[in-house]
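Here's my sequence, what's the structure:
(one chain, ligands or ions: 1)
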Amino acid sequence: MIRLMGMRAFSSLPRWSGRVLAGLWLLAAPGSAVADGRPGAFPAWSFSGPLGHFDLASVQRGYGVYAAVCSACHGLEQVHYSDLAGMGLKAEDIQALSAARQTMDGLDAEGHVQRRPARPDDRILSPYVSPAAARAANRGVAPPDLSRVVMVRPGGASRIYGLLTGYAPDAHWQEGRGFRNPYGISGFTAMPPPLHEGGAQYADGTAATVAQQARDVTTFLAWVSAPHQDERRRLGVGAALYLCFLAGLFMILTRRIWSYVSK
Ligand code: HEC
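Got it, this is the predicted structure:
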């Protein structure tokens with residue numbers, strides 16, 4: 001009887017192991033759609049899926065787009081310049097990158113906002129001195145902070161990519177509604193079309209098309225929303241492999257031990 005149970009456990013191994021392997025393969029496969037600039041086609045995000053990882057070159061280019069374009073209206077207040085080291089930058093790079101940006105530094109004797117070059121331990125602040133100033137500069141709608149936008153807004157990375165690339169070529173402000181955009185809430189958004197061909201310069205020679213900038217800045221915002229995701233996944237895969245190894249070891253041991261008993 002005991003022997004029979006042991007045999008049954010082993011004879012069922014190939015069947016379920018095949019299914020487990022198929023499952024692992026499915027988990028490893030990245031998103032299905034391909035980026036070809038068509039409206040409604042989303043890039044295959046390298047970071048989606050349980051075994052995904054961030055393309056750090058794209059994250060770095062995305063920071064370039066944020067700094068050149070989006071930072072005119074949006075802050076990343078939960079991010080410090082020093083956190084950008086996680087994109088694969090060295091301390092000197094962070095120093096140079098923060099010094100190139102201005103940040104607010106209190107008020108002077110007359111109550112005017114003081115500005116100075118940012119330091120690595122500064123947060124990436126909104127450019128506006130107050131929410132009221134942000135609203136006043138943007139037809140009554142304050143640009144939201146982008147620190148966690150990929151995580152907290154519905155639709156994640158693909159909807160943000162859709163929003164950035166989804167404006168009609170002749171997009172114009174419609175009073176009381178905004179700019180027509182199928183990816184905006186209720187089909188409109190108060191954000192003017194932010195991306196233009198060549199709007200950001202890429203140091204690595206990548207052509208700065210609208211689709212490429214949208215892809216890179218969305219990848220950057222996804223990374224900013226979950227900067228430790230890759231580490232957690234690596235740890236998870238390591239733990240899963242270790243558990244598989246242990247399970248195999250225990251099976252062999254069980255078989256050995258019970259083989260003595262059943263004789
Ligand atoms: C001229 C100012 C301005 C610039 C530049 C700008 N935005 Fe916006 N953005 C806004 C405003 C205003 C809103 C609020 C829109 C609304 O709620 O209708 C907004 C909203 C957003 C949202 C949230 C939209 C939603 O529906 O969830 C995202 C994401 C966003 N912007 C990303 C970006 C990115 C990325 C860039 C740079 C490529 C950028 N923005 C550049 C003004 C701007």
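
Show the pLDDT at residue 198.
On pLDDT, residue 198 comes in at 87.

Name all residues that make contact with it.
residue 208 (C-beta atoms under 8 Å, 6 or more residues apart in numbering). C-betas here are computed from N, CA, C, even on glycine.

so which strand or helix has it?
Residue 198 belongs to no helix or strand when assigned by DSSP states H and E.

State the distance from it to residue 68.
With distances taken as C-beta to C-beta, to the nearest Å, residue 198 is found 10 Å from residue 68.

Could you point out the helix or strand that follows the helix or strand hosting residue 59?
Using DSSP H and E, the element containing residue 59 is helix 56-68. Using DSSP H and E, the helix or strand that follows helix 56-68 in sequence is strand 76-80.

Buried residues in that following strand, which are they?
Judged by neighbour count using 16 or more other C-beta atoms under 10 Å, the buried positions of strand 76-80 are 76, 79, 80.

which ones are touching the closest residue to residue 55 other than its chain neighbours?
Excluding the flanking residues, the one nearest residue 55 by C-beta to C-beta, 6 or more residues apart in numbering is residue 46, at 4.9 Å. By C-beta under 8 Å, 6+ apart, the contact list for residue 46 reads 30, 52, 53, 54, 55, 58, 219.

tell me, which of these make contact with the ligand?
With the criterion set as C-beta under 6 Å from any ligand atom, no member of these is near the ligand.

separation between residue 57 and residue 204?
Using C-beta to C-beta, residue 57 is found at 7 Å from residue 204.

Neighbour count for these two, which is higher?
residue 57 (15 against 8; other C-beta atoms under 10 Å).

okay but that one is in contact with residue 205, surely?
No. Applying C-beta atoms under 8 Å, one finds residue 57 not in contact with residue 205, separated by 11.3 Å.

just the strands in the stretch 1-150 of the chain please.
Counting by DSSP state E, counting those that start in this stretch, one finds strands in the stretch 1-150 of the chain at the ranges 76-80, 102-107, 113-117, 123-124.

likewise the stretch 151-263 of the chain?
For the stretch 151-263 of the chain, the strands defined by DSSP E, counting those that start in this stretch cover 179-180, 188-189.

Same list (the ones you listed) but as CSV, adding mean pLDDT and distance to the ligand.
Compiled in CSV, the strands of the stretch 151-263 of the chain are given as follows (pLDDT from 0 to 100; distance: least, C-beta to the nearest ligand atom, whole Å):
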stretch, mean pLDDT, distance to the ligand
strand 179-180, 96, 9
strand 188-189, 96, 4
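
Turn those strands into TSV, columns for mean neighbour count.
As requested, those are arranged in TSV below (neighbours: other C-beta atoms under 10 Å):
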stretch	mean neighbour count
strand 179-180	18
strand 188-189	18
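
Dump those strands into TSV; add distance to residue 212 as well.
Below are these laid out as TSV (distance: least, C-beta to C-beta, whole Å):
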stretch	distance to residue 212
strand 179-180	22
strand 188-189	21
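
Could you list the low-confidence segments of this protein?
For the chain, residues meeting the criterion pLDDT under 70 lie at 1-40, 262-263.

Show me what the longest helix seen in it packs onto, helices and strands only.
Taking DSSP state H as the criterion, the chain has its longest helix at helix 229-262. With contacts taken as 3 or more C-beta pairs under 8 Å, 6 or more residues apart in numbering; DSSP states H and E, helix 229-262 sits against helix 2-11.
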